[in-house]
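Trainee: Build the 3D model from these lines:
(chains A and B)
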Amino acid sequence: MSELHTIQTNINGKPVEASVPGRLLLSDFIREELRLTGTHVGCEHGVCGACTILYDGLPSRSCLMLAVQADGHEIVTVEGLASNGELHPLQEAFKAKHGLQCGYCTPGFLMTLVPFLAEHPDPDEATVRDAISGNLCRCTGYQSIVDATLLAARQMREKAGAVDGSEATS
Amino acid sequence: MKPAPFEYMAPESVDAALQLKARHGAGAQWLAGGQSLIPSLNFRCLKPDYVIDLNGLRELSYIRFESGQGVRLGGMTRYHELEHSDVIRQHAPMMHDAIPYIAHDAIRSRGTLGGSLAYADPAAELPTVTTALRARYLLRSESSERWVQAEDFFVGMFQTVMQPDELLIEVEIPLPKAGAAWGFIERSRRHGDRVLMGVAATLTLQPDGTCADARLVYQNGAPAPRLAPQAAASLNGKALTDEHIVAAAKQAAYEEIDPESDVHASSAFRRQLAFELTQRALRDARERGTAAISEEGAGA
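Mentor: Below you'll find the predicted structure:
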């Protein structure tokens, strides 16, 4: 029953090999085996969104997946957002706009909103609110989270526009 | 670790999966998208001896349009894939519109069509939508296979006609007839919350404006997707006037469905919602059908 399964996965760009019991949740594997404690665990039944990670690029609840299902797939956690010591623009915007209070829900919000902004570079407020409807903030600081998201979207558009130069159309 | 111990198995083909299920029967649990199963395991509401993971079976993940026949969807097709599929947008637009109502992005990226149907939550979207679209489901076991019409599949709350050794392989949605129209609408407290009431209406609008083939199906209107055959029949052969729509909505909401009371809403409130939502769904269908007729007329 407690048979171990060997998995080969990729976490934040690094290959990882591990032996895991079938019943180990992906969230517990990430936190307890890999010691990547940025992924938070709230409700553990898929409602609060705190444990959201990217699984093959798509936001997924790590508490609703088994560690063994990471075999052969790519995982990105909140630790994988910053690159070369620089925070992701969304993280910068959360900082600038006070998009976090206690910080418990923050990793889940970030991992929900990063793929959302990739798909919706110019969202309106209602769309952002809809996008975060699956994430709970126990401090109820949603207004600042929405403000931070809109700021990040604007800054990311401006940056993309600067790179594209005169090709930019909007 | 939250789930009780189980033996995890990840077969590499549908045949291998069916053999495993035939051997272990009800002691083994299919794992599709896991968005309902894993919470049940975490709470230890379910303690299966074996979990058979279907996520490696790419052969069960497809969206195919077959001209003259309809749309074929593999049981392991994820909500996310349905949501972004041009085939679904074109040939099953009601499903396309209903998918965003399902929970949130992070759930839709994992949850599957077959998982939703086999789980048979009365508040789920796809059981109701596929019933309204007159879909049928292909069930296969190691030794046999059968097609079951959606309306015959759901038995009660979380109950279907599936046997312990069967797997939902495919969903087939027939091609809509000329003049086919639809309306889908649901209400919950907040987007993604458990739905209070939903209705899916399908019908065909004839060139002279009369209604045919009407079907009304309710989400959370009863322990299983509930048809309102008498209300639907009352619309057939008639022009879809506001009067007829109100009468049908009233009959469906107050005579044909059987919503339960819980902490979220009373049965009476759910009936009132059904009465209003049915009217809106039918008016949407009327609008779409009228547009379809005028397009076809212009093309002829």
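Trainee: What's the separation between the spatially closest residue to A:I53 that is not a sequence neighbour and B:S261?
Mentor: Nearest residue to A:I53, sequence neighbours excluded (CB to CB, 6 or more residues apart in numbering or on different chains): A:S62, at 4.7 Å. Where you see a C-beta, it was placed from the backbone N, CA and C, and this is true even at glycine. Between A:S62 and B:S261 the computed distance is 35 Å (CB to CB, to the nearest Å).
Trainee: The two: which is more packed in?
Mentor: Neighbours around A:S62 and B:S261, counted as other CB atoms under 10 Å in any protein chain shown, are more numerous at A:S62. The numbers are 30 against 11.
Trainee: ok, that one - contacts?
Mentor: A:25-27, A:30, A:39, A:51-53, A:55 (CB atoms under 8 Å, 6 or more residues apart in numbering or on different chains).
Trainee: A:L117: which of these is nearest?
Mentor: A:T52 (14.2 Å; CB to CB).
Trainee: what about the closest residue to A:F116 other than its chain neighbours, distance to B:H24?
Mentor: Of all residues beyond its chain neighbours, the one nearest A:F116 is A:A131 (4.5 Å), with distances taken as CB to CB, 6+ apart. In this view, A:A131 and B:H24 are 41 Å apart by CB to CB.
Trainee: between the two, which one's more packed in?
Mentor: A count of neighbours by other CB under 10 Å puts A:A131 above the other of A:A131 and B:H24, at 23 against 18.
Trainee: Let's check: the centremost residue of chain A is which one?
Mentor: Relative to the mean C-alpha position of chain A, the nearest C-alpha, by CA atoms, centre = their mean, is the one of A:M111, at 1.5 Å.
Trainee: Wait, that one touches A:L58, no?
Mentor: No: at 10.4 Å, A:M111 does not count as touching A:L58 under the criterion of CB atoms under 8 Å.
Trainee: quick check: longest helix of the chain.
Mentor: In the absence of a named chain, this looks at chain A. With residue count as the measure and DSSP state H as the assignment, chain A has helix A:142-164 as its longest helix.
Trainee: meant chain B actually
Mentor: Using DSSP H to assign secondary structure, the helix with the most residues in chain B is helix B:267-299.
Trainee: in that one, what counts as buried?
Mentor: Neighbour-count burial for helix B:267-299, with 16 or more other CB atoms under 10 Å in any protein chain shown as criterion, is recorded at B:270-271, B:273-286, B:288-289, B:292-293.
Trainee: if I pick the residue nearest to A:F116, what's in contact with it?
Mentor: Residues in contact with A:A131, defined by CB under 8 Å, 6+ apart, are A:112-113, A:116, A:120, A:123, A:149, B:105.
Trainee: Ok, A:A82 next?
Mentor: Residues near A:A82 by CB under 8 Å, 6+ apart: A:88, A:91.
Trainee: What pLDDT is listed against A:V163?
Mentor: At A:V163 the predicted local distance difference test score is 72.
Trainee: ok, now the one 4 residues further on?
Mentor: Looking at A:E167, its pLDDT is 49.
Trainee: and the nearest residue to A:H45 once chain neighbours are set aside, which of the three is it?
Mentor: Distances taken as CB to CB, 6+ apart put B:P39 closest to A:H45, at 3.8 Å, once the chain neighbours are dropped. Secondary structure of B:P39, reduced to three states by DSSP: H, G, I helix; E, B strand; the rest coil: helix.
Trainee: any low-confidence regions in the stretch 151-300 of chain B?
Mentor: By pLDDT under 70, the low-scoring segments of the stretch 151-300 of chain B are B:299-300.
Trainee: Let's see that with 90 instead.
Mentor: For the stretch 151-300 of chain B, the stretches with pLDDT under 90 are B:176-178, B:189-193, B:292-300.
Trainee: neighbouring contacts of the lowest-mean-pLDDT helix or strand in chain A?
Mentor: Across the helices and strands of chain A, mean pLDDT, DSSP states H and E gives its lowest value to helix A:142-164, namely a mean of 93. Outside of helix A:142-164, the residues within contact range by CB under 8 Å, 6+ apart are A:89-90, A:92-94, A:96-100, A:109, A:113, A:117, A:120-123, A:125, A:128-129, A:131-132, A:137, A:168, A:170.
Trainee: Show me how far that helix is from its chain's centre.
Mentor: Helix A:142-164 has its C-alpha centroid displaced from the chain centroid by 16 Å (CA atoms, centre = their mean, to the nearest Å).
Trainee: what does stretch B:178-194 give?
Mentor: On the basis of CA atoms, centre = their mean, stretch B:178-194 sits 11 Å off its chain's mean C-alpha point.
Trainee: circling back to that earlier point, which secondary structure elements does the longest helix of chain B contact?
Mentor: Of the remaining helices and strands, those touching helix B:267-299 by 3 or more CB pairs under 8 Å, 6 or more residues apart in numbering or on different chains; DSSP states H and E are strand B:180-187, strand B:197-205, strand B:211-219, helix B:242-251.
Trainee: so which of those gets nearest chain A?
Mentor: When the helices and strands packed on helix B:267-299 are compared for distance to chain A using CB to the nearest CB, the nearest one is strand B:180-187, at 14.7 Å.
Trainee: could you give the angle of the closest one to strand B:197-205?
Mentor: Computed by axes from the mean of the first three to the mean of the last three CA atoms, to 10 degrees, the angle separating strand B:180-187 from strand B:197-205 equals 170 degrees.
Trainee: Can you give the strand pairings for strand B:180-187, parallel or anti for each?
Mentor: Paired with strand B:180-187 in the same sheet, following DSSP bridges, are strand B:197-205 (antiparallel).
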